[in-house]
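1. Predicted model and sequence follow; I will ask about them next.
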Amino acid sequence: MADESGTPLDDEAGEQWVLVNTPLGEPWSGRSRYAAAMYFFKRGDMDAETLEVYRICSRLDSEDPLPIIRDRGAGQGWLKRMGFGA
């Protein structure tokens with residue numbers, strides 16, 4: 001499995017990749033995305049400001065964190081990895 005940028009993912013990272021991409025609006029999806037974001041933060045794949053946006057959105061299942069990250073000017077590498085255009 002690979003992320004949107006083509007970076008190969010091991011089994012654990014692949015599972016977390018699926019979670020960080022949980023569809024908006026599903027019950028508990030914000031918390032799933034935040035938990036996966038914490039995994040990628042701990043691996044060094046995400047900066048603290050980007051993780052903070054996932055934390056803020058964790059109780060908002062329908063809120064997409066990616067536009068907020070972009071609007072804050074944070075996480076450019078993460079946005080690219082997610083395939084989220086500027």
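-> Perfect, I can see it now.
2. Output the longest helix belonging to the chain.
-> Longest helix in the chain by number of residues (criterion: DSSP state H): helix 29-42.
3. continuing past that helix, what's the next helix or strand?
-> Toward the C-terminus, helix 29-42 is succeeded by helix 48-57 as the next helix or strand (DSSP states H and E).
4. re the thing from before, which strands and helices sit next to the longest helix of the chain?
-> helix 11-20, helix 48-57 (3 or more Cβ pairs under 8 Å, 6 or more residues apart in numbering; DSSP states H and E). (C-beta placed from N, C-alpha, C; glycine too.)
5. Quick check: buried residues in it?
-> Judged by neighbour count (16 or more other Cβ atoms under 10 Å), helix 29-42 contains these buried residues: 29-41.
6. Of the residues you listed, which is the nearest to Val18?
-> Ala36 (8.1 Å; Cβ to Cβ).
7. quick one: contacts for that closest one?
-> Gln16, Trp17, Leu19, Val20, Thr22 (Cβ atoms under 8 Å, 6 or more residues apart in numbering).
8. Need the contact partners of stretch 22-32.
-> Contacts for stretch 22-32 (Cβ under 8 Å, 6+ apart): Leu19, Arg33, Ala36, Cys57, Ser58, Arg59, Leu60, Asp61, Ser62, Glu63, Asp64.
9. Just the buried ones from the residues you listed?
-> By 16+ other Cβ under 10 Å, the contacts of stretch 22-32 give Leu19, Arg33, Ala36, Cys57, Ser58, Asp61, Glu63 as buried.
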